[in-house]
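Chemist: Sharing a model that was predicted from the sequence below.
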Amino acid sequence: MLVEVPRSHDETFTVFVRDSSTYLHRTAYLLCGDRHRAEELVQSTFERVYRTWAKVRPGTERAYARRILVNLRIDGWRHTRRESFPGDDKIPVTATADHAGHVVLRDELVRGLAQLPLNQRRVVVLRHLLDLPEAEVARELGIAVGTVKAANSRGLARLRDLLVAQAEVVEPVVVDEQAVLERSRTALRRRRTGQVVGATCVMLLVVLGVLTRGPVPVPGIGQVVLPGGDLIARLLDDGFTDGLGPNPALARKTPLACPEAVPGPTTARVPRANEDIGPLNDPVVVDAADARDLSCHDVVLSGTVGPLDTTAEHPLPDPRGLSARGTIWTFDRAGPGGDNAVLLTSPQASDGSVSATGMTMYQNARATPTGLTITGNRVVWSEYAAEGTSPRNSFLRTLRLSGQGLTTLAEPLVSTDERLWLIATTEDLALWTAGATADDTRLYATSLDGDSTPMELATDVTALAADDNEAVAAILTPGAGETRITTIRLFDALAGGSSVGTALVEIEHDAEAEVADIVVSDDVVAWTVLPIDAESGSGALYVLDRAGNGDSVVRLPEGVVEDLRASGGLVSWTSTDPTVQEAVNSSYLYRATTTASGYDGPDLARFPGGSVTAGMAGARTAWLEDAGARQWLVEATVVPALERG
C-alpha cells in the first residue's frame with residue numbers, strides 16, 4: 001500500500017526554489033543587466049513569496065513569484081534616476097554551444113536590452129523572453145494593449161540594430177535552496193519583530209496621546225502640548241492622514257493653479273506645409289508642449305484621498321476605472337477568498353468599504369483578469385484561464401451596480417478558446433475582438449443580458465470604443481502598393497440587430513502604422529495613428545468634430561497615448577515618451593470643441609502632479625498624483641465650459 005505523506009510548508013517552498021531559481025534569475029538578469037543585482041532581486045523575491053507561501057494557489061507559484069520580481073524591479077526603476085550597466089569586463093561569461101542547434105546570444109541580448117528605453121525593455125522581456133501574451137503583459141505592467149504593441153515593435157526594431165553575430169552565455173547560477181530558505185526565515189522573523197515593535201510603539205503613543213491630549217501644565221513653563229497629544233489630536237480631529245479616509249484639508253497638497261482671471265486659450269495654429277492632418281477638414285493644430293496648467297476654473301474639487309505611502313500593501317484606487325457616478329472599478333487581490341476580483345470602491349467612503357465579485361473558476365483554477373471597460377452602471381471585463389488549463393479559454397463577464405450592491409450574471413457572456421483582445425460596452429451591448437493573435441481578429445457584439453446570439457461585425461480591428469448607445473471600430477484593409485487603409489466605422493443600430501454600420505472616415509497610411517486608440521462621444525470621434533517602428537517618439541491625436549467644423553490635431557512629444565477618453569466635447573488621455581528612460585507620465589484635459597472651451601477654438605490643459613494617471617467619465621474626473629514616497633487621489637467635477645471674456 002502506498003501512503004502519501006503531505007510535504008511541510010518549508011519542504012514545498014524549497015522544492016519551488018530549486019525548480020524556479022534558474023527561470024527567475026534569467027528574468028531578473030535580463031531586466032537589470034547585472035548578475036549580482038539579479039541574485040539580490042531573486043533572493044528578495046523568494047523572501048516575499050515565503051511570507052505568503054501558505055496563501056499561494058497550487059499551479060500559480062511561478063507566475064506569483066514573477067509578478068513580485070517584476071514589481072520589485074519596477075520599484076527600483078522608479079527610485080533610481082540614473083542606471084548604469086556592466087560592460088564586457090564586468091560580466092563573468094563562458095562560451096557554450098547551444099545543443100538545440102543555435103547560438104544563445106544572451107550577453108549581447110542583455111547589453112541590447114540595457115540600451116532600450118525602460119518601457120520597451122520591460123515589454124520585450126515579458127512578451128518574448130517570458131513568452132507572455134500581450135494582454136497579460138498589459139495587465140502586469142498596468143498599461144494598455146496598444147501601448148504594449150507599440151513598445152514591443154519599437155523595442156524589437158531597436159534590438160535588431162544592436163545585436164551582433166556572436167554572443168556568449170552567462171554562467172548558470174547555482175542556488176542553495178536550504179540557504180535561501182534560511183535567509184527567508186530570517187527575513188520573515190526580522191519583519192515580524194519589526195511589526196511587533198512598531199505596533200507596541202503605536203499603542204504606547206496612542207495611550208500617551210489620549211492621556212496627554214490637550215495642554216498639560218508644566219511647573220515653571222506653563223501649558224505644554226506633548227508630542228503624543230498633538231499627534232493624536234490631529235488624527236482624531238482632522239481625519240485620516242495615512243489611509244483611504246477623506247480629509248478635505250489635504251486638498252491643499254494638490255498644486256492646482258487658481259489664477260484670478262480665467263486662463264487664456266492654448267495657442268492654436270494652422271497646419272504647416274506638408275504636415276499630416278489625416279482626413280480632417282481644415283483643422284487647427286495644438287502642440288502639447290503649449291498646454292497650460294489645469295486650474296480651478298476647469299474643475300471643482302470634490303475630495304482628496306490620501307496621501308498614502310507608496311510602499312503600502314493596498315494602493316489607492318486607479319482613476320482609470322472611474323465611472324460617471326463617481327465610483328471606481330478596478331482589479332485587486334483583496335476580493336473573495338483573497339483571489340483576483342473586480343472591485344467597486346468608493347474613495348470617499350469613510351469606512352473604506354468595497355463590494356467585489358470573483359473571477360471565473362475554470363478547471364479548478366481561477367481565471368486572470370485582462371481588461372475592463374465601463375459605461376453607466378455596467379462594467380464588462382475579460383478573463384484568461386489559468387496557465388496549464390486545456391483548452392485555455394477566455395471569458396467575457398459583466399456586472400452592474402444595483403443600489404448599494406453588485407449584480408452579476410452567473411455564467412460568462414462569452415466563453416471561447418480564442419484570445420480576447422479589445423473590449424468595449426454600450427448601455428445594452430458588449431463588444432469584443434477575438435482571434436488566435438492580435439493581428440487576426442473578428443469583432444463581435446452581444447446583449448449584456450446574455451440572452452442573444454453574438455453578431456459578427458468586422459475583421460482586422462485595431463482599435464475599439466463605445467459610448468452610451470453607439471460604438472466605433474478602426475478596421476484595417478489593404479491599400480494600393482505598400483499602403484493600408486483604415487476605415488473608422490460607426491455602429492449605432494446594434495440593439496436593433498443591424499451589423500452593417502456607417503463609414504465615418506478613411507485613413508490611408510504606411511503599412512508599418514495603425515490606428516492604435518479611438519474614442520467616441522456625441523460630439524467627437526478621436527483617434528491616434530501610431531507609426532509602430534518609428535525611431536521618434538512623437539505622435540498625434542486627431543479629433544473629428546461631429547457637431548460642427550472644429551476639427552483639430554494635437555501634436556504630442558510623448559508618442560504613446562494611454563486611456564483615451566471622451567465625454568461630450570471633452571477628451572482626456574495620458575501619454576509617455578517611450579524613448580526616455582524613467583519618463584514621467586503627462587495627463588491632459590482637452591476641450592476639443594467650442595462648446596466645451598467657451599472660445600472659438602480648442603483648449604488644452606495639463607493635469608498637475610508627477611507621474612499622473614487620470615480618468616474621466618461624464619462630468620467626473622479623477623487623477624493620481626505621485627510625489628515619490630507619497631501618492632494621493634484627487635476627485636473633481638469638470639466645469640462644462642470656461643466663461644471667457
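Modeler: Received, thanks. Numbers count the residues shown, from 1 in each chain.
Chemist: what residues does stretch 189-198 touch?
Modeler: residue 51 (CB atoms under 8 Å, 6 or more residues apart in numbering). C-beta coordinates here come from the backbone N, C-alpha and C atoms, glycine included.
Chemist: Quick check: buried residues in it?
Modeler: If you call a residue buried by 16 or more other CB atoms under 10 Å, then stretch 189-198 has no buried ones at all.
Chemist: Confirm residue 135 sits in a strand?
Modeler: No: secondary structure of residue 135 (DSSP: H, G, I helix; E, B strand; the rest coil): helix, not part of a strand.
Chemist: okay, now the residue nearest to it when sequence neighbours are not counted: neighbour count?
Modeler: Take residue 135 and drop its neighbours on the chain: the residue closest to it by CB to CB, 6 or more residues apart in numbering is residue 370, 4.2 Å away. Neighbour count of residue 370, defined by other CB atoms under 10 Å: 23.
Chemist: Residue 370 against residue 138, yeah?
Modeler: Yes: here residue 370 reaches residue 138: they are 7.4 Å apart, a contact under CB atoms under 8 Å.
Chemist: Secondary structure element holding the residue nearest to residue 135?
Modeler: strand 368-375 (DSSP states H and E).
Chemist: Next: residue 43.
Modeler: Per DSSP H and E: helix 35-51 holds residue 43.
Chemist: after that helix, next one along is what?
Modeler: helix 61-79.
Chemist: and that following helix, how far from the chain's centre?
Modeler: 15 Å (CA atoms, centre = their mean, to the nearest Å).
Chemist: got the angle between it and strand 368-375?
Modeler: Calculated by axes from the mean of the first three to the mean of the last three CA atoms, to 10 degrees, helix 61-79 forms an angle of 60 degrees with strand 368-375.
Chemist: Helix 61-79 relative to helix 35-51, how many degrees between them?
Modeler: Computed by the same axes, to 10 degrees, the angle between helix 61-79 and helix 35-51 is 120 degrees.
Chemist: Tell me which strands the strand holding residue 370 pairs with, and in which orientation.
Modeler: strand 378-384 (antiparallel) (DSSP bridges).
Chemist: which other helices and strands contact the helix or strand that comes right after the partner strand?
Modeler: Next along the chain after strand 378-384, taking DSSP H and E as the criterion, comes strand 394-402. Applying 3 or more CB pairs under 8 Å, 6 or more residues apart in numbering; DSSP states H and E, we find strand 394-402 packed against strand 341-345, strand 378-384, strand 405-408, strand 414-416, strand 419-425, strand 429-437.
Chemist: Just the CA trace of strand 394-402, in CSV.
Modeler: Taking C-alpha atoms only, strand 394-402 is exported to CSV below (Å, rounded to 0.1, in the frame of the first residue of the first chain):
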residue,chain,number,x,y,z
SER,A,394,-11.1,33.2,-22.5
PHE,A,395,-14.2,34.7,-20.9
LEU,A,396,-16.2,37.9,-21.1
ARG,A,397,-18.1,38.8,-17.9
THR,A,398,-20.4,41.7,-16.8
LEU,A,399,-22.0,43.1,-13.7
ARG,A,400,-23.9,46.2,-12.7
LEU,A,401,-24.3,48.4,-9.7
SER,A,402,-27.7,48.0,-8.2
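Chemist: Pull up the pairing partners for it, direction included.
Modeler: For strand 394-402, pairing defined by DSSP bridges yields strand 378-384 (antiparallel), strand 405-408 (antiparallel), strand 414-416 (antiparallel).
Chemist: Out of those strands, which gets nearest to residue 602?
Modeler: strand 378-384 (30.7 Å; CB to CB).
Chemist: now the angle from that closest one to strand 429-437?
Modeler: Going by the same axes, to 10 degrees, strand 378-384 makes 20 degrees with strand 429-437.
Chemist: How far off centre is strand 378-384?
Modeler: The answer for strand 378-384 is 15 Å, by CA atoms, centre = their mean.
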